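Novice: sequence and predicted structure are below.
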Amino acid sequence: MSTEYVERTETTTTSTGDGISLQSGYLRTLKAYLKIGEMVLCLIAFICSSVDWWVPLGQGWAQFVFISALITTLIFFIFHLFNVFSKLPGPWVFIEFVYYAVYCVLIFIAVIVCLARGAQYNHGGIIAATVFGMAALALYCVDTFFMYREWQASKYHAGSSAGGTATTTTTTTQSSYETRTQY
């Protein structure tokens with residue numbers, strides 16, 4: 001009687017991300033240009049909304065929206081530039097898409113407030129904040145559209161996770177028994 005027992009274990013680990021490092025190629029992409037334009041326009045709109053005193057008329061709201069959009073966009077820009085998203089868990093394409101969709105609505109409301117107050121009181125700073133706010137709104141809408149398309153494309157790809165390591169373990173067990181009948 002012979003008994004054979006074979007066990008083979010194979011472990012493969014592959015890294016899908018480069019880690020946290022400067023991605024200089026990102027600076028030459030459309031996404032980077034859009035984010036830089038959004039930050040510049042939000043900064044200019046924030047400064048223009050701060051020039052004239054119109055606090056009881058909605059100045060605080062416009063300033064809050066423009067500066068919070070600037071800070072959030074700066075954080076996302078830095079995360080993309082240094083490839084931080086590859087080390088963080090979560091559906092970051094979708095999270096960024098939701099942030100930008102919300103900022104589109106908030107900037108739209110801030111532009112309406114600036115437009116209403118600028119037309120009513122004819123202050124140059126408020127009118128300039130309206131113009132730069134509309135330009136920022138246009139860039140945010142374009143960026144949101146591209147993020148939506150990227151999110152839709154990432155839903156249909158199997159490897160659309162944020163990155164990290166993928167581990168595959170294969171275990172093969174083979175057993176063969178030979179028995180003899182005894183009388």
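Specialist: Nice, thanks for sending it over. Everything numeric in this text was worked out from a predicted model, so none of it was measured. Residues are numbered from 1 along each chain as shown.
Novice: which strand or helix spans the residue most central in space within the chain?
Specialist: Closest residue to the average C-alpha location of the chain: Glu96 at 3.2 Å, with C-alpha atoms, centre = their mean. Assigned by DSSP states H and E, Glu96 belongs to helix 92-121.
Novice: so for the next helix or strand after that helix, mean pLDDT?
Specialist: Next helix or strand after helix 92-121 toward the C-terminus (DSSP H and E): helix 124-155. The average pLDDT for helix 124-155 rounds to 93.
Novice: give the buried residues for helix 124-155.
Specialist: Neighbour-count burial for helix 124-155 flags 125-137, 139-140, 143-144, 147, 150-151 (criterion: 16 or more other C-beta atoms under 10 Å). Backbone N, C-alpha and C define where each C-beta goes, glycine included.
Novice: again, but for stretch 103-115
Specialist: Under 16+ other C-beta under 10 Å, the buried positions of stretch 103-115 are 103-104, 106-108, 110-111, 113-115.
Novice: so the residue nearest to the centre of the chain touches Ile75, yeah?
Specialist: No. Glu96 lies out of contact with Ile75 (C-beta atoms under 8 Å); the separation is 10.1 Å.
Novice: from Leu43, how far out is the residue nearest to the centre of the chain?
Specialist: To Leu43, Glu96 is 20 Å away according to C-beta to C-beta, to the nearest Å.
Novice: with Ile71 instead?
Specialist: 10 Å.
Novice: give me the angle between the helix holding Glu96 and helix 124-155.
Specialist: Counting by axes from the mean of the first three to the mean of the last three C-alpha atoms, to 10 degrees, helix 92-121 lies at 160 degrees to helix 124-155.
Novice: packing partners of helix 92-121?
Specialist: helix 59-81, helix 124-155 (3 or more C-beta pairs under 8 Å, 6 or more residues apart in numbering; DSSP states H and E).
Novice: mean confidence score for that helix?
Specialist: Average pLDDT, helix 92-121: 93.
Novice: among the buried residues of stretch 103-115, which pair sits farthest apart?
Specialist: Within the buried residues of stretch 103-115, two members stand farthest from each other by C-beta to C-beta: Tyr103 and Leu115, at 17.8 Å.
Novice: tell me which residues touch the closest residue in space to Met147 that isn't next to it in sequence, please.
Specialist: In space, not counting the residues next to it along the chain, Met147 is nearest to Phe97; the distance is 4.2 Å by C-beta to C-beta, 6 or more residues apart in numbering. Applying C-beta atoms under 8 Å, 6 or more residues apart in numbering to Phe97 gives the contacts 144, 147-148, 150-151.
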